[in-house]
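Asks: Dropping a prediction and its sequence here:
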Amino acid sequence: MKAGAEVEREFTVYFFDTDAGGVAHNLTYLRWIEAVRTDLAEALGWGIGEMVGGMHGCPVLTKTEVEYLKPAKLGDRVRVVSRLGQVGKVRFTVESEVQGAEGQLFCRAKQELVSVDLKTGKAKALREDWRKKHG
């Protein structure tokens, strides 16, 4: 996969995803986006095992910008599409959309992540081969 590669996954809006009015909570969108962002990392060769136990650092979320455009409601089927954005020396971005079955756009998000050495808590350069392949 190259920079701009994307992955997607479908979800159903369940009762626990909603408020008393049957509208998906704002945190529900972030949970879906987190799941698909993890799928994207796996597809790009940065699996969960490597994140927590590897020597190349762990991606840590530092910024999330979210635009809620239309409410997803109880029973809706949604599709979350996430793609790799900019890749720098220690940080990268992921752009995501939550779409409905008819293509309507419920939510758009851009997240910034930094590679961090979990033992020291300090930023760590992204693996050079990963940056070259995806940057």
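Replies: Arrived safely, thanks for sending. Numbering: from 1, shown residues only.
Asks: contacts, neighbours, all on C-alpha from now
Replies: OK.
Asks: Where do the strands of this structure begin and end?
Replies: 6-12, 58-68, 77-87, 91-100, 105-117, 122-123 (DSSP state E).
Asks: From the centroid of the protein, which residue is nearest?
Replies: Nearest to the mean C-alpha position of the chain, by CA atoms, centre = their mean, lies residue 37 at 2.8 Å.
Asks: Could you count how many residues lie near the spatially closest residue to that residue that is not a sequence neighbour?
Replies: The shortest distance from residue 37 to any non-neighbouring residue, by CA to CA, 6 or more residues apart in numbering, is to residue 82 (6.2 Å). Residue crowding around residue 82 was assessed by other CA atoms under 10 Å; the count is 28.
Asks: coming back round to it: make CSV out of the strands of the chain and add mean pLDDT.
Replies: Converted to CSV, these look like this (pLDDT from 0 to 100):
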stretch, mean pLDDT
strand 6-12, 96
strand 58-68, 95
strand 77-87, 96
strand 91-100, 96
strand 105-117, 96
strand 122-123, 93
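Asks: what would those look like in a markdown table with distance to residue 20?
Replies: Formatted as a markdown table, the strands of the chain follow (distance: least, CA to CA, whole Å):
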| stretch | distance to residue 20 |
| --- | --- |
| strand 6-12 | 17 |
| strand 58-68 | 19 |
| strand 77-87 | 19 |
| strand 91-100 | 21 |
| strand 105-117 | 19 |
| strand 122-123 | 41 |
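Asks: Tell me which of the ones you listed lies nearest to residue 133.
Replies: Ranking those by proximity to residue 133 (CA to CA) places strand 77-87 first, at 10.1 Å.
Asks: Out of the strands of the chain, which is closest to residue 46?
Replies: Each of these has some distance to residue 46 by CA to CA; the shortest is strand 58-68, at 9.0 Å.
Asks: Contacts for that closest one, please.
Replies: Judged by CA atoms under 8 Å, 6 or more residues apart in numbering, the contacts made with strand 58-68 from elsewhere in the structure are 50-52, 106-118.
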